[in-house]
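In: would you be able to build a 3D model of this:
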Amino acid sequence: MSKFPFAFLDEQSKKEIRRAVLKGVAIPGYQVPFASREIPIGRGWGTGGLQITLALVGQNDVLKVIDQGSDESVNAENIKKLVQKTTGIETTIHTSEATLIQSRHRIPEVPLRSDQIMILQVPEPEPLRHVERSEFKTKQMHAEKEYSGAYLLLFEQIMRYGQTSEGADYPVYVHNRYVMNPSPIPRFDNPKIHQSDALVLFGAGREKKIYAVPPYTNVESLAFDDYPFEVEAFEGKACKATGLTNVFLDEFTDEETGETYYLCNDTSYMQEYLEQKRGI
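Out: Numbers count the residues shown, from 1 in each chain. Prediction:
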């Protein structure tokens, strides 16, 4: 029997976090302040996402945790162990089996359903921080819908490189109102948030912010008419293990031959595909 309360946090803390989540759902893309609690993992290792998970998890939930596409990294395993030891719930590596999915840097390749909640860990929730250090002024800019600074960064990249070079944290317009950081997911995953069947929640523990994209909400990546938004291009490349081309790929180099090859970043999706192919 665990010496901690169910899901580690006390009930008052869970209620306060759930209230912040509800406000975030009611105002898509708006950063809701909350009293971030101390939990037994280091700041910057997913405390915001974990607090949302601990506040929402129930006895019948099934949890999946991803760290940069992998279910078996140290960070993902430790988060799963903490939740499991304080709740007794089941965990899984299969996206289709999970009711709660907590992730660092990726949205699964398997399309999410309406009975699932996607929880993303966020290191820096403020999309205007690169142009304004003052929290007071960024709040004012959001209130006035003053987002020229967000476009300026993309414009500078186009002037310098001929295209936008923002690989992760590519800003999005939510519900035609707030510009939002979608967490450090690759651009490849931005379209998955648009009109998603699942509720998508974002937690920044160090910055003490929670925000949300409700199901079936319009989410548009920032772009210019003459430089439209494009996801990472993998033309002519395929996953070495599966042959898949419509997934986010990681590049590897064979130490013996020096050959460059690619593998699907979502390890559980790759495993499921191979098992299905073998008829397991």
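
In: the residue lying closest to G203 once chain neighbours are set aside: how many residues sit nearby?
Out: Using C-beta to C-beta, 6 or more residues apart in numbering and skipping the chain neighbours, the partner closest in space to G203 is G48 (3.0 Å). For the C-beta atoms, the positions are set from N, CA and C on the backbone; glycine is no exception. G48 has 29 neighbouring residues, counting by other C-beta atoms under 10 Å.

In: do the same with Y269
Out: Counted by other C-beta under 10 Å, the residues lying close to Y269 total 22.

In: name the nearest residue to C239, sequence neighbours excluded.
Out: C264 (4.4 Å).

In: could I get the contacting residues of V65?
Out: If you count contacts by C-beta atoms under 8 Å, 6 or more residues apart in numbering, V65 has them with D71, A76, E77, I79, K80, V83, T91, I101, Q102, S103.

In: would you check how far apart the first one and Q140 are?
Out: When distance is defined by C-beta to C-beta, to the nearest Å, D71 is 41 Å away from Q140.

In: neighbour count for those two, which is higher?
Out: Neighbour count, other C-beta under 10 Å: between D71 and Q140, D71 has more, with 21 against 12.

In: using the three-state scheme, assign the residue nearest the centre of the chain.
Out: The chain has L120 as the residue nearest its centroid, 3.3 Å off, counting by C-alpha atoms, centre = their mean. Of the three states, L120 takes strand under DSSP: H, G, I helix; E, B strand; the rest coil.

In: and for E255?
Out: coil.

In: give me phi/psi at it?
Out: phi -70, psi -30 (degrees, to the nearest 10).

In: the one 5 residues further on too?
Out: Dihedral angles of T260 (phi, psi; degrees, to the nearest 10) stand at phi -90, psi 130.

In: quick one: residues contacting it.
Out: E251, F252, T253, D254.

In: low-confidence ranges in the stretch 1-150 of the chain?
Out: Low-confidence segments of the stretch 1-150 of the chain (pLDDT under 70): 1-2.

In: please enumerate the helices of it.
Out: For the stretch 1-150 of the chain, the helices defined by DSSP state H, counting those that start in this stretch cover 11-26, 47-56, 74-87, 135-143, 148-161.

In: now the angle from the shortest one to helix 148-161?
Out: Regarding helix 135-143 and helix 148-161, their directions subtend 90 degrees when assessed with axes from the mean of the first three to the mean of the last three C-alpha atoms, to 10 degrees.

In: and helix 135-143, what does it pack onto?
Out: When contacts are defined as 3 or more C-beta pairs under 8 Å, 6 or more residues apart in numbering; DSSP states H and E, helix 135-143 packs onto no helix or strand at all.

In: centre of the chain to stretch 13-23, how far?
Out: Centroid separation between stretch 13-23 and its chain, computed with C-alpha atoms, centre = their mean, to the nearest Å, is 19 Å.

In: buried residues in that stretch?
Out: Across stretch 13-23, burial judged by 16 or more other C-beta atoms under 10 Å covers S13, K14, E16, I17, A20, V21, K23.

In: ok, now stretch 20-36?
Out: Buried residues in stretch 20-36, counted by 16+ other C-beta under 10 Å: 20-21, 23-25, 27-32, 34, 36.
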